[in-house]
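J.: Give me a 3D structure for the following:
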Amino acid sequence: QVQLVQSGGGLVQAGGSLRLSCAASGHTFLPYAMGWFRQAPGKEREFVAAISWSGDSTYYADSVKGRFTSSRDNAKGTVWLQMNNLKPEDTAVYYCATSYSSTWSRGLGYDYWGQGTQVTVSS
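T.: As a prediction, this is how the structure comes out:
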């Protein structure tokens with residue numbers, strides 16, 4: 001079992017920045033990719049970003065490319081999502097999740113999920 005605890009998020013004005021954190025604990029001895037997803041009210045959950053175990057590979061949804069950056073420190077068991085130039089349409093509950101699957105870069109094959117954190121961007 002892997003436990004993911006998220007922090008960060010909150011309320012910010014459009015154009016502002018936030019950083020989300022996702023700390024992993026438990027059976028983390030196997031290498032895993034980490035993905036970020038979000039779900040806005042009345043909408044389906046969507047893939048936002050993902051980062052490989054080494055951190056050398058990252059993938060982003062077109063809607064956040066150039067504005068969001070994911071990074072990780074495996075020694076600390078923590079992954080971050082830096083969100084810049086936030087827009088009202090970024091408002092959603094954000095989730096981190098682990099993947100041991102080869103499909104991680106396509107937003108598939110995620111097993112363990114964080115509790116979610118609210119991001120609200122005001123116009």
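
J.: beta partners of the spatially most central residue of the chain?
T.: Here the mean C-alpha position of the chain is nearest to the C-alpha of Trp36 (Cα atoms, centre = their mean), at a distance of 2.6 Å. On the basis of DSSP bridges, Trp36 is bridged to Ala49, Cys96.

J.: Surely it touches Val93?
T.: No: no contact is recorded between Trp36 and Val93 when judged using Cβ atoms under 8 Å, the distance being 11.4 Å. Any C-beta I mention is one placed from the backbone N, CA and C, and that applies to glycine too.

J.: Would you mind measuring from Tyr59 to Gly42?
T.: If you measure Tyr59 against Gly42 using Cβ to Cβ, to the nearest Å, the figure is 26 Å.

J.: Looking at the two, which is more packed in?
T.: Using other Cβ atoms under 10 Å, the more surrounded residue of Tyr59 and Gly42 is Tyr59, with 18 against 5.

J.: mind checking pLDDT for the more buried one?
T.: Per-residue confidence for Tyr59 comes out at a pLDDT of 97.

J.: in the sheet, who's paired with it?
T.: Judged by DSSP bridges, the bridge partners of Tyr59 are Ala50.

J.: okay, now the closest residue to Ala97 other than its chain neighbours: neighbour count?
T.: For Ala97, the nearest residue in space outside its immediate sequence neighbours is Tyr110; the separation is 3.9 Å by Cβ to Cβ, 6 or more residues apart in numbering. Here the count is done by other Cβ under 10 Å, and Tyr110 has 22 residues near it.
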